[in-house]
Structures are given as C-alpha cells and as structure tokens.
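Student: have a look at this prediction, sequence included:
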Amino acid sequence: MTHLWTSSAIAEATAGKASADFTADGVAFDSREIGPGDLFVALKGEHSDGHLHVEQAFSSGAAGALVSKPVDGPHILVTDTAQALDALAKASRARTDAKIIGVTGSVGKTGTKEALYAALKRCSFGAAHRSVKSYNNHVGVPLSLSRMPEDSKYGIFEMGMNHAHELSALTRLVRPHAAIITAIAPVHIGNFPNGELSIVDAKAEIFEGLMPGGTAIIPHDSPYYQRLRKKAERYAGEVISFGFDTEADVRAVDMVSAPEGGSLVTAKLGDQSLCFTIAEAGQHWVSNSLAILAAVRAVGGDLASAGLALAEMSGIDGRGRRHFVSLKSGGKAVVIDESYNANPASMKATLQLFAAEQSTGRKITILGAMGELGEQSVHYHAALADDILQSGADAIILVGEDMAHTVAELDRNLDPNVKISHVENASEALAEAGKMLDDGDALLIKGSNYLGLSSVVSALVSGEY
C-alpha cells in the first residue's frame, strides 16, 4: 500500500523536525474529523488552538501531528502550522502529474465541482480527487491539496473568496490547468466598495495561477464577459466561453424538460455535438453543465463519462437535496434542502425552480436573510418579494432581521390567502413549519449559512420537531 505521506516527506516539505517515523493516509485540522492513520494539523485560530486537541486526535487514531510546540506522540515540529500546511499543499501539488481544475464563481461552485469529480472519477477508474464539502478558503484549499494522492490523474478544487486578493493566493497554490468561473452575482458585495465590478475582478484572479498554456472557462452570457475575457487572456493559453448565446464556444442549442425532472440538452462544442440528460432541474444547471463539458475536454477527459455523471447527479446536502419526510400528523412531505447559503442570484434561481414544483398539497417556503450585502441589503431583500410571489408559495416563513424589508414589500402585494410569518431564528422557523406541514406539501428551505437553517432540515428529516 502506498501511503499518502511519510513523516520524512512531511518534515522535508514543511522544513520541520520529525520526533518519530510514521505514515499518514489522511490529513485533518478538526480533531472531531480525525480517523485512524490521519495526520492532525494543530492550527491556531482566533478562538481556538488545535494544540489543545492533540490528545483527542491521538485517541481517535491519528498517526501523527503537525505542531508548533512539542507534544506527546509522533509529531512534526514546525515554526508555524498554518504556513506548514501551505507548504505541505505546495509539495503535494508539485509531486503529482494530475490534471488540475479550479472552480470559482458566485453561485454553482460546489455543484460544478462535484459533477466534474463524478465525471473524471468515472473515466479515470477512481483516480480523481476533489475538495470535500465547501473547503474553499485559505485553510480548506491547502487542506484539500495536501489530501491529494500522488498518483491522482485529476484534481478538482473549489476556490471561494469574500475579499479581493484571496483567490490570487489560492490559485497560486492550486496551479490549475483549467480554471472555471461559473457565474458572477452580487455575493459578499458589502465587502466590495466598488460593487459588482470589484467582484468580477476578484473572481478573475483565479486565472493568475493557471499553468502555462492553461485554459480559462468563462460565462459568455455574463454582462461582464468582455471584462472577464480581457483578464483571462493575460494568463491563459486558451479562453473558452460557455452559455446559451450563439457566439459561445460551448453552447446549448436545445433543451427541454426531462420526463422525471431535470433537462434533456443538446450541446455544441466546436464541431462536436453531445446529447445528454441532467438530473438536476433548472436553467442554471444547464449552464453549469456547459462549463463542466468545457473543462472535461480541456483536461483530456471523456465527454461521454461527463454526460453519464450529469444524468446521475443527485442533490447535494444544503444545495438541492430532496427529502421525503414522515410527518407527526401523518402522511409525507417533500423538503427541498437549499439551506447552505443564499444570495440574490441563487434565491432567484431557486424560487424560479420552486415555481414549477408539482405538489399535491401546499407549497411552503422558509427563506432566510442574505448576508454580506452591505448598503444594498435593503434593496436586495425588498426585491426578493417579487421572486417569492412568482414562486406560487401558499405559505411563507421569513427568517432574520433583514427580511423585514421583504415583509414590507410582500404586504403591499400579497394575496390575503397566503400566510406569511416573520421569525427571528431557525428554531422559530422550525416551530412554524412543524405546525403547518401536512401530507403532500412541498417545503423549500433556503438562507445564508449563518442562520443555521440546516438544523431545520435535520429536525424535519429525523422527526425531532
């Protein structure tokens, strides 16, 4: 068996000193996620110090620890564990011949990353690696890189940002052969004083780390297409556009709703055509699929495998997974879990999709406030009312202080037969939903992650409400 890391390789990569010989088959910085044979990285954060959890990590089976002060048990002693994790990530990237894809965007990052992984895992017979969950920041990206087996054929890494210059640093760690921007939307706009143009420029930083001759993949339908292309051309050997416009390099020439949900799509890739099914519904997923096809082709993957992977994609927790839950009152309801995050673009796309939801009962929404919108928060929360009305919801539960602006707009236009509730937190939202859910109902749950609406989903699925 080839181990992921040996203690000597870790020490060499991090300029550290090994207290003993050991091998590691995984890497983690959360002691609660440590499994047998893992390397535990004792990071120091603003509110915690991983060194306080080294003993717990070893009791969970850690093979060794990366630390900045001596501990009991096999360890690599370094000056700074965060810098050492970056160094380990660089060493992991340097030792592999894998084709690497970087993915960013305001919406669609995680789903695109997961679909790429499914496609490339299929055609490489399992020799693909990707970042798990949404490990896409200054800690998650190096962690994901350090977990990549040396003999991987493909690596797919999600990269996120909420300030300028963050992606610039991450992409130079990842050094992708192909870099995707899925879409641009006013996410984290409160952190960008110059508005969406600043977000466009920050997202385009992903191209700065491209390998020589690498491929930049950008949304042709974006109003910022030319700005993105100009930045991409500075770093990429090839720029490929995707979208619905006839000028896009990879474009959808036909799409219809699939009989069991999702879409049937015919796409044109230069002189190639591909007909495929997408299990996930919505035009945004059709757009994502075009970026996926472009990336698979750019790194030499198999397009047929990509088509099969898209047909088999099921919803991801927090991003569209559907649960059929048994109710205490009897019967069953559908819970659509979009609880991971929310911004104006994803809210609109999700509510448009919910408008087409077929339900034998009522359509109910739990919608949480959208974070990091800064001075434009009032505008975007008020504008959300139109999307809610068009969704055809029969009952609306709004969560969070900022949703007061949505309530005010709804009150001006809402059908008196539609029930609306405004609550402070996830617990109150659960209580409201628990009282009204009935057999055949469809419940959509979406909001910014800080509100913890995933707890509502968990409670309903487990029946603990």
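Tutor: Arrived safely, thanks for sending.
Student: which residues does the spatially most central residue of the chain contact?
Tutor: What sits nearest the mean C-alpha location of the chain, by C-alpha atoms, centre = their mean, is residue 110, with 2.6 Å. Counting by C-beta atoms under 8 Å, 6 or more residues apart in numbering, residue 110 makes contact with 134, 158, 316, 319, 340. Backbone N, C-alpha and C define where each C-beta goes, glycine included.
Student: distance of the closest residue to the last one other than its chain neighbours from residue 394?
Tutor: In other words, residue 340. Closest residue in space to residue 340, ignoring its immediate chain neighbours: residue 318 at 3.0 Å, by C-beta to C-beta, 6 or more residues apart in numbering. In this view, residue 318 and residue 394 are 24 Å apart by C-beta to C-beta, to the nearest Å.
Student: pLDDT below threshold where in the chain?
Tutor: 1, 186-195 (pLDDT under 70).
Student: how about 50 then?
Tutor: By pLDDT under 50, the chain has no low-scoring segment.
Student: which parts of it belong to which domain?
Tutor: Split into domains by automatic domain parsing, the chain comes to 5-81, 96-312, 321-462.
Student: could you say which of those domains is packed most deeply?
Tutor: Among the domains of the chain, ranked by average contacts under mean count of other C-beta atoms under 10 Å, first place goes to domain 96-312 (a mean of 20).
Student: how distant is that domain from the center of its chain?
Tutor: 11 Å (C-alpha atoms, centre = their mean, to the nearest Å).
Student: next one: stretch 409-428
Tutor: For stretch 409-428, the distance to the chain centre is 29 Å (C-alpha atoms, centre = their mean).
Student: so how far is the first residue of it from its last?
Tutor: 22 Å (C-alpha to C-alpha, to the nearest Å).
Student: with stretch 97-108 instead?
Tutor: OK, stretch 97-108 end separation, C-alpha to C-alpha: 27 Å.
Student: stretch 216-224 now?
Tutor: End-to-end for stretch 216-224, by C-alpha to C-alpha: 15 Å.
Student: and the contacts of that stretch?
Tutor: Outside stretch 216-224, the residues touching it (C-beta under 8 Å, 6+ apart) are 178-184, 196-197, 200, 207, 210, 225, 228-229, 232-233, 235-236, 238-245, 247-249, 251, 287, 291, 294-295, 298.
Student: hang on, the earlier thing: before we move on, which element is the residue nearest to the centre of the chain in?
Tutor: helix 109-123 (DSSP states H and E).
Student: what strands flank the next helix-or-strand element following that helix, and is each parallel or antiparallel?
Tutor: With elements assigned by DSSP H and E, the helix or strand that comes after helix 109-123 is strand 128-130. Using DSSP bridges, the strands paired with strand 128-130 are strand 154-158 (parallel).
Student: can I get the CA coordinates of the strand it pairs with in CSV?
Tutor: This file holds the C-alpha atoms of strand 154-158, laid out as CSV (Å, rounded to 0.1, in the frame of the first residue of the first chain):
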residue,chain,number,x,y,z
TYR,A,154,-7.3,14.5,-11.9
GLY,A,155,-7.8,17.0,-9.1
ILE,A,156,-10.8,19.4,-8.8
PHE,A,157,-10.6,22.2,-6.3
GLU,A,158,-13.3,24.7,-5.4
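Student: could you pull out the helices for the stretch 301-450 of the chain?
Tutor: Per DSSP state H, counting those that start in this stretch, the stretch 301-450 of the chain carries helices over the ranges 303-312, 344-355, 377-390, 404-413, 426-436.
Student: what helices or strands is the longest one leaning on?
Tutor: Packing partners of helix 377-390 (3 or more C-beta pairs under 8 Å, 6 or more residues apart in numbering; DSSP states H and E): helix 344-355, strand 363-368, helix 404-413.
Student: ok and it relative to strand 363-368, angle-wise?
Tutor: Computed with axes from the mean of the first three to the mean of the last three C-alpha atoms, to 10 degrees, the direction of helix 377-390 lies at 170 degrees from that of strand 363-368.
Student: quick one: distance of helix 377-390 to the chain centre.
Tutor: For helix 377-390, the distance to the chain centre is 24 Å (C-alpha atoms, centre = their mean).
Student: and the contacts of it?
Tutor: Against helix 377-390 from outside (C-beta under 8 Å, 6+ apart): 186, 190, 344, 347-348, 351-352, 355, 365, 367, 369-370, 373, 396, 402-406, 408-410, 413-414.
Student: could you give the angle of it to helix 404-413?
Tutor: Going by the same axes, to 10 degrees, helix 377-390 makes 40 degrees with helix 404-413.
Student: contact partners for the residue lying closest to residue 323 once chain neighbours are set aside?
Tutor: Nearest residue to residue 323 in three dimensions, chain neighbours excluded: residue 335, at 4.4 Å (C-beta to C-beta, 6+ apart). With contacts defined as C-beta under 8 Å, 6+ apart, residue 335 is in contact with 322, 323, 324, 325, 443, 445, 457, 460, 461.
Student: greatest separation within these: which pair is it?
Tutor: Based on C-beta to C-beta, the longest span within the contacts of residue 335 runs between 324 and 445 and measures 14.4 Å.
Student: CA atoms only: put the strand or helix carrying residue 293 into PDB for me.
Tutor: Secondary-structure assignment from DSSP H and E places residue 293 in helix 283-298. What follows is helix 283-298, C-alpha atoms only, in PDB (Å, rounded to 0.1, in the frame of the first residue of the first chain):
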ATOM      1  CA  GLN A 283     -31.500  26.500 -16.400                       C
ATOM      2  CA  HIS A 284     -28.600  27.300 -14.100                       C
ATOM      3  CA  TRP A 285     -27.700  23.600 -14.100                       C
ATOM      4  CA  VAL A 286     -27.800  23.600 -17.900                       C
ATOM      5  CA  SER A 287     -25.300  26.500 -17.800                       C
ATOM      6  CA  ASN A 288     -23.100  24.700 -15.200                       C
ATOM      7  CA  SER A 289     -23.100  21.600 -17.400                       C
ATOM      8  CA  LEU A 290     -21.700  23.500 -20.300                       C
ATOM      9  CA  ALA A 291     -18.800  24.700 -18.100                       C
ATOM     10  CA  ILE A 292     -18.300  21.100 -17.000                       C
ATOM     11  CA  LEU A 293     -18.100  19.800 -20.600                       C
ATOM     12  CA  ALA A 294     -15.600  22.500 -21.500                       C
ATOM     13  CA  ALA A 295     -13.400  21.600 -18.500                       C
ATOM     14  CA  VAL A 296     -13.500  17.900 -19.100                       C
ATOM     15  CA  ARG A 297     -12.500  18.400 -22.700                       C
ATOM     16  CA  ALA A 298      -9.700  20.800 -21.700                       C
END
